[in-house]
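Peer 1: build me a model:
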Amino acid sequence: AKSAVNVAERRRSEGRFTEEAGKFMVVLFAHDRVRIHGYSRLVADLGDYTLPGFIGALLKAGWNVQPYGEIDTSGYQVPPLATTDAPMHVMHFYLEKTWYEVSRPVADPTDRVGSLDVSVLQKEILEGMLGITDPRGDPRLHYMGGAKPLSELERLVDSGEYALAVAMQPVAVETVLAIADADGVMPPKSTWFEPKLLSGLVVHTID
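Peer 2: Below is the predicted model:
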């Protein structure tokens, strides 16, 4: 869509704008026909932290940190340990062959964007603790689409390529719709939607 807007604006500035140049392709899915996966994060290193130091910093910042035993890594997400009706931030970290649940209550549920797990993860942990200030361009931070098993995150960390994997819980469709209805903007790499359209080539004449 952004590329189509750029073309339309350029043609308008050049006096070559046409009605067809102001259009772009879209696809619509019913909200109950899509599935949202979490968008995983992979971090190259823990900066100056050791594993105990990093866990200690999380605890000091008010996070609950609980290690797992064995889990089924064939699925897309880690089953949460936290059981409460109150809104909770719940994320799952994989470090040094162990999964941890990192959780705490949501401070302000009325802030729909600011209270997203991805927002808090970026602001308080990736930036606040690990110094990753640019979620789009920092070479220490990479992303993996949610439609891959947890075993792939484990493989990438166990290989030494990354020090930390973060498996995110999926955002509810209702939350995405509420943010859109309020003209809000989701943070980068918040959602992985399925079904995905197959790649292809469509030619549309704009002159």
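Peer 1: going forward, measure contacts between C-alpha atoms and count neighbours the same way
Peer 2: Will do.
Peer 1: strands of this structure, residue ranges please.
Peer 2: 35-37, 40-43, 64-67, 88-95, 98-105, 141-144, 164-168, 192-194 (DSSP state E).
Peer 1: the first one packs against which elements?
Peer 2: Pointing back at strand 35-37 there. Contacts defined by 3 or more Cα pairs under 8 Å, 6 or more residues apart in numbering; DSSP states H and E place strand 35-37 against strand 192-194.
Peer 1: hmm, Asn64 is touching Val102, no?
Peer 2: Yes - Asn64 is in contact with Val102 according to Cα atoms under 8 Å; the separation is 5.6 Å.
Peer 1: those two: who's more crowded?
Peer 2: More crowded of Asn64 and Val102, by other Cα atoms under 10 Å: Val102, with 22 against 17.
Peer 1: still on that earlier bit, redo the strands of the chain as JSON lines? Include mean pLDDT and distance to Gly53.
Peer 2: Below are the strands of the chain laid out as JSON lines (pLDDT from 0 to 100; distance: least, Cα to Cα, whole Å):
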{"stretch": "strand 35-37", "mean pLDDT": "89", "distance to Gly53": "30"}
{"stretch": "strand 40-43", "mean pLDDT": "98", "distance to Gly53": "16"}
{"stretch": "strand 64-67", "mean pLDDT": "97", "distance to Gly53": "13"}
{"stretch": "strand 88-95", "mean pLDDT": "96", "distance to Gly53": "13"}
{"stretch": "strand 98-105", "mean pLDDT": "97", "distance to Gly53": "15"}
{"stretch": "strand 141-144", "mean pLDDT": "96", "distance to Gly53": "20"}
{"stretch": "strand 164-168", "mean pLDDT": "97", "distance to Gly53": "14"}
{"stretch": "strand 192-194", "mean pLDDT": "87", "distance to Gly53": "32"}
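Peer 1: where does pLDDT dip in the protein?
Peer 2: 146 (pLDDT under 70).
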